[in-house]
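Visitor: Sequence and predicted structure are below.
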Amino acid sequence: MSSIQTNKMTNYRWVICAMLFLATTVNYMDRQVLSLTWKDFISKDFNWTDDDYGTITATFSIFYAFISLFAGKFIDWMGTKKGYIWAIIIWSLGACLHAACGWATFHLADTGWFGEGVVKGTLMFTSISVYLFLACRIILAMGEAGNFPAAIKVTAEYFPKKDRAYATSIFNAGSSVGALAAPLTIPILAAKMGWEMAFIIIGAIGFIWAAAWAFMYDHPHECSKVNEAELSYINSDAQVETATTETVDEGPKLSFADCFKHRQTWAFIVGKALTDGVWWFFLFWAPAYFSELGHPSSTGMGQMLIFVLYLIVTVLSIYGGYIPKLFVEKMGMNPYAGRMRAMLIFAFLPIFAMFAQPLSGVSVWLPCIIIGLAGAGHQAWSANLYSTIGDMFPKSAIATITGIGTMFGGLGSFLINKGSGMLFTYAEGQGSAFTFFGAEGKPAGYMIIFCYCAVAYLIAWAIMKTLVPKYKPIA
């Protein structure tokens, strides 16, 4: 008997998946520090409005979008080991630099760089702080844009197609766990040690992960912890019985221009552009929304609301990657058809979002649960959407396609975050004169955004199905 048949298969691919999960968790915790501290801590120092905060989050989104276009290509060129290390070091540095914005604002105001008479509480003082936070968010975006292209490429390297959606749903759950852990830690750190230390402590975790990744990751065919049986399973899509060669064929290279020639690319772009903004809206604005309902994130009730919201997201979203596997194994569907059917199911969950604002007057827990269900739908949708890349494209182009789609997702996020900030500030100023579906003032503004969140996924699915109705890999 061969060694493949007699040796028990190792499971190191799941160790790598766990590392991807941890990286994504750190990614979202770094992203969440601002959303959990601006309303109750930072805005009190700098007098920020919703529009100011919307500008900062929108700028992060637009730079995240722009860098994502090149981040995927960078990961394909640099490789997943070095590329991932560079990405997390840059975003961790950017996260830590937020802590210096307060000192720098007061210093620049005192030195007269922006003219004489800049004192705390003035519009110029607020503007200085906004510009400094914008600079830090740009550095954060530069690094964080590399996370998903690298993680999706690693998943394609370590898992056969039938397992990729499940593996992706596991590491993608890190975004939910990061958002889950954030309200339990960040407001406490900010209250006890200052908002500056919250940025430094959370940001420093990324440097530890980068050191561990340098020692733990190697390509499967070069990794001593992956035996021949596991390597054969990883390469089972190519029907490889043994895999002892030192080179792996990742398929034809695709230029940027080549990528845009395929409908498969545009289907992924549509799926990201119409739906990423929904998740980022929940991520950036949920703490502020609960604060508007009388429960700031610095209070026990506010922390519990955010925790329960992302607990729902975390628990339900993990099964999102398992459902298409059932369609493939139990019903004999090809991976793409199974994923699209699962994504249609997930597209119905966010519909409940349109009831979040009307039911907030009954109990604050109702919008918490509703947003949690919508968020779970997004995460399950996202895990399968990412996996369609591995179904359709050669491994050599996976990070590039991921980066292109993420760029358009960032553009959608820019529009919804900047638009939300402007809308909420305007609606609050108009008061009862601004109405929508029975809501007045700022609640009417939230009602408008929730309605978009409710229908975005069904629209995206219909367009994707039209562009790529059947499984058609890029030759």
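Guide: Okay, I see it.
Visitor: what ranges of the chain fall below the confidence cut-off?
Guide: In the prediction, the chain carries residues with pLDDT under 70 at positions 1-7, 111-122, 238-253, 320-321, 475.
Visitor: Please list all residues in contact with the residue positioned nearest the centre of it.
Guide: With distances taken as CA atoms, centre = their mean, Ser175 lies nearest the centre of the chain, 6.1 Å away. Counting by CB atoms under 8 Å, 6 or more residues apart in numbering, Ser175 touches Thr24, Thr25, Asn27, Tyr28, Trp279, Gln379. The way it works is simple: take the backbone N, C-alpha and C, and place the C-beta from them, glycine included.
Visitor: From Ile345, how far out is the residue nearest to the fifth one when sequence neighbours are not counted?
Guide: So that's Trp279. Once flanking residues are discounted, Trp279 sits nearest to His378: 4.7 Å by CB to CB, 6 or more residues apart in numbering. Per CB to CB, to the nearest Å, His378 is found 13 Å from Ile345.
Visitor: Same check on Val226?
Guide: Relative to Ile345, Val226 is positioned 34 Å away (criterion: CB to CB).
Visitor: returning to what we had before: which of the contacts of Ser175 tops the neighbour count?
Guide: Within the contacts of Ser175, neighbour counts (other CB atoms under 10 Å) peak at Asn27, which reaches 27 neighbours.
Visitor: and the closest residue to it other than its chain neighbours, how many neighbours?
Guide: Spatial nearest neighbour of Asn27, excluding adjacent residues (CB to CB, 6+ apart): Asn147 at 4.9 Å. Using other CB under 10 Å, Asn147 is surrounded by 26 other residues.
Visitor: For Asn147, give me its contacts.
Guide: Contacts for Asn147 (CB under 8 Å, 6+ apart) come out as Ala23, Thr24, Asn27, Tyr84, Ala87, Ile88, Trp91.
Visitor: My reading is that Gln32 is in a helix; is that accurate?
Guide: Yes - with the criterion set as DSSP: H, G, I helix; E, B strand; the rest coil, the secondary structure at Gln32 is a helix.
Visitor: that older thread, so which of Val226 and Ile345 has more stuff around it?
Guide: Set side by side, Val226 and Ile345 give different neighbour counts by other CB under 10 Å, the larger being at Val226 (24 against 16).
Visitor: And that one, its phi and psi?
Guide: Recorded main-chain torsions at Val226 are phi -110, psi 120, according to degrees, to the nearest 10.
Visitor: And the helices in the stretch 101-250 of the chain?
Guide: In order along the chain, the stretch 101-250 of the chain carries the following helices (DSSP state H, counting those that start in this stretch): 101-111, 123-144, 147-158, 161-193, 195-216, 228-234.
Visitor: List the buried residues in the fifth one.
Guide: By neighbour count with 16 or more other CB atoms under 10 Å, helix 195-216 contains the buried residues 195-196, 198-203, 205-206, 209-210, 213.
Visitor: again with the fourth one
Guide: Taking 16+ other CB under 10 Å as the basis for neighbour counts, the residues of helix 161-193 that come out buried are 161-183, 185-187, 189-190.
Visitor: right, and Tyr386 touches Gly403 too?
Guide: No - counting by CB atoms under 8 Å, Tyr386 sits too far from Gly403 to count as a contact (11.9 Å).
Visitor: More neighbours: which of those two?
Guide: The residue with more neighbours, out of Tyr386 and Gly403, is Tyr386; 31 against 28, by other CB under 10 Å.
Visitor: what sits against that one?
Guide: Contacts were defined as CB under 8 Å, 6+ apart; by that measure Tyr386 touches Phe148, Ile152, Thr168, Asn172, Thr402.
Visitor: does the first one really touch Gly405, like I thought?
Guide: No - using CB under 8 Å, Phe148 is not in contact with Gly405, being 9.1 Å away.
Visitor: so how far is Tyr233 from the spatially closest residue to Asn227 that is not a sequence neighbour?
Guide: Computed as CB to CB, 6+ apart, the closest residue to Asn227 that is not its neighbour in sequence is Thr10, at 4.7 Å. Spatial separation of Thr10 from Tyr233 under the definition CB to CB is 10 Å.
Visitor: Equivalent analysis for Ile208, please.
Guide: According to CB to CB, Ile208 stands 31 Å off from Tyr233.
Visitor: got it, and Ala71?
Guide: Taking CB to CB as the measure, Ala71 falls 30 Å from Tyr233.
Visitor: the more surrounded of the two?
Guide: A count of neighbours by other CB under 10 Å puts Ala71 above the other of Ala71 and Tyr233, at 30 against 19.
Visitor: Locate the more buried one within the secondary structure: which element?
Guide: The secondary structure element spanning Ala71 is helix 50-78 (assigned by DSSP states H and E).
Visitor: That helix: what's the following helix or strand?
Guide: Using DSSP H and E, the helix or strand that directly follows helix 50-78 along the chain is helix 80-97.
Visitor: That following helix versus helix 195-216: what angle between them?
Guide: Taking axes from the mean of the first three to the mean of the last three CA atoms, to 10 degrees, helix 80-97 and helix 195-216 form an angle of 170 degrees between their directions.
Visitor: Tell me the helices and strands packed up against helix 80-97.
Guide: helix 12-37, helix 50-78, helix 123-144, helix 147-158, helix 195-216 (3 or more CB pairs under 8 Å, 6 or more residues apart in numbering; DSSP states H and E).
Visitor: Just the residues contacting the third one, thanks.
Guide: When contacts are defined by CB under 8 Å, 6+ apart, helix 123-144 is touched by residues 27, 30-31, 34, 45-48, 52, 55-57, 59-61, 63-64, 67, 86-95, 97-98, 101-102, 104-105, 108-109, 114-115, 118-119.
Visitor: repeat for stretch 454-470
Guide: The contact list for stretch 454-470, computed with CB under 8 Å, 6+ apart, reads 263-264, 266-268, 270-271, 273-275, 277-278, 336-337, 340, 343-344, 346-348, 350-354, 374, 377-378, 381, 392.
Visitor: can you check stretch 79-93 too?
Guide: The contact list for stretch 79-93, computed with CB under 8 Å, 6+ apart, reads 23, 26-27, 30, 71, 74-75, 77-78, 139-147, 150-151, 153-154, 157, 203-207, 209-210, 213-214, 217-219, 399.
Visitor: same thing but at 6 Å, please
Guide: Residues lying outside stretch 79-93 but in contact with it, judged by CB atoms under 6 Å, 6 or more residues apart in numbering, are 75, 140, 142-144, 146, 150, 153-154, 203, 206-207, 209-210, 213, 217.
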